[in-house]
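Peer 1: Fold the following for me, if possible:
(one chain, ligands or ions: 2)
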Amino acid sequence: MKNKGSKLIIVSAPSGCGKGTIMKAVFNDSDVFYSVSCTTRPPRPEDTDGVTYHFLTVEEFEEKIAEGEFLEYAKYSENYYGTPKTPVEKNMAEGRDVILEIETQGAFQVKELRPDAVSLFILPPSVAELDRRLHKRGTEDEKTIKKRVSQAAGEIAKADRYDYVIMNDDLDAAIADFRAVIDGIKGDTEPAVRFSPENEEVKKMIEEVLKNA
Ligand code: ADP
Ligand code: 5GP
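Peer 2: Ligands and ions are numbered 1, 2, ... in the order given. Have a look, this model is predicted:
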């Protein structure tokens, strides 16, 4: 059952779904390498350059694209986001698991390039709840929140293309489910197939969220 070797793990969720909150709880004190992305979006008060993101100008970002420095990149809400290739390769070569917290377009690019990567999508209970969570977090203005919420249904519709899908309704349950998926990916336990979108219950869960989107 033990499936050693470093793993490339992709985590996606609509903005405000709670992926940051869940990952902080699960990967605190863990030896995984959390890939720091580059972005052209403006920093928020809680952002630290080089820690939460590498903040670049559009010119700087486009220069890196031209130089082939990204494993993947995408435009999301009118800003560029991209995963620097070198730190991912270096950490994997050193035997560490690597986590990419990226949106759906980037996730599919990575899956093309690296079919061994394993992907996980976190569903919100509803799009209305996403809207509430983004307002509660209070880090974006109204226009940005509207744009992010309006993109959510399109992202959720792609959840069935991920290897695993969990729901973040009750936070403690979501943290436990996330851990179960990660332990299975790492080979510490059997793969958590109950979270596969092939599973009828998971299919229904995605349909329910989309019905109310
Ligand atoms: P993301 O990283 O996906 O954009 P965050 O982790 O920043 O989302 O969470 C968005 C907001 O929702 C935060 O204020 C967070 O405290 C809250 N939140 C996260 N999970 C839950 C949950 N299960 N129930 C209620 N609120 C939640
Ligand atoms: P935020 O602006 O809220 O930090 O991120 C917006 C979206 O961009 C989120 O869905 C986040 O997962 C995604 N994202 C962050 N970094 C990257 C990246 O390097 N590549 C891609 N494709 N998406 C990213």
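Peer 1: In the protein, mark out all the helices, start to finish.
Peer 2: Taking DSSP state H to define them, one finds helices in the chain at 19-27, 58-66, 85-93, 104-113, 127-137, 142-156, 171-186, 200-211.
Peer 1: ok, now which ones touch the closest residue in space to Asp47 that isn't next to it in sequence?
Peer 2: Distances taken as Cβ to Cβ, 6 or more residues apart in numbering place Tyr53 nearest to Asp47, at 6.3 Å, with adjacent residues excluded. Quick note: C-beta positions are derived from backbone N, CA and C, even for glycine. By Cβ atoms under 8 Å, 6 or more residues apart in numbering, the contact list for Tyr53 reads Val36, Ser37, Cys38, Thr39, Arg41, Pro43, Asp47.
Peer 1: Derive a ChimeraX selection command for the buried subset of those residues.
Peer 2: Here is the ChimeraX command that selects the buried residues among the contacts of Tyr53 (16 or more other Cβ atoms under 10 Å):
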select :36,37,38,39,41
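Peer 1: closest to Ile102 among the contacts of Tyr53?
Peer 2: Ser37 (7.1 Å; Cβ to Cβ).
Peer 1: how far away is whatever residue of the chain ends up closest to ligand 2 from Asp163?
Peer 2: Minimum separation of the chain from ligand 2 (Cβ to the nearest ligand atom) falls at Gly106, amounting to 2.3 Å. Going from Gly106 to Asp163 by Cβ to Cβ, to the nearest Å gives 16 Å.
Peer 1: Could you list the low-confidence segments of the chain?
Peer 2: In the predicted model, the chain carries pLDDT under 70 at residues 1-4.
Peer 1: So which bits of it are right by ligand 1?
Peer 2: Counting by Cβ under 6 Å from any ligand atom, the chain comes close to ligand 1 at 13, 15-21, 133, 136-137, 168, 171, 174.
Peer 1: Now tabulate those in JSON lines and tack on neighbour count.
Peer 2: Putting the residues of the chain next to ligand 1 into JSON lines (neighbours: other Cβ atoms under 10 Å) gives the following:
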{"residue": "Ala13", "neighbour count": "26"}
{"residue": "Ser15", "neighbour count": "24"}
{"residue": "Gly16", "neighbour count": "24"}
{"residue": "Cys17", "neighbour count": "25"}
{"residue": "Gly18", "neighbour count": "22"}
{"residue": "Lys19", "neighbour count": "20"}
{"residue": "Gly20", "neighbour count": "15"}
{"residue": "Thr21", "neighbour count": "15"}
{"residue": "Arg133", "neighbour count": "20"}
{"residue": "Lys136", "neighbour count": "9"}
{"residue": "Arg137", "neighbour count": "16"}
{"residue": "Asn168", "neighbour count": "22"}
{"residue": "Leu171", "neighbour count": "12"}
{"residue": "Ala174", "neighbour count": "22"}
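Peer 1: For Leu134, the count of nearby residues, please.
Peer 2: As a burial measure, Leu134 scores 22 neighbours (other Cβ atoms under 10 Å).
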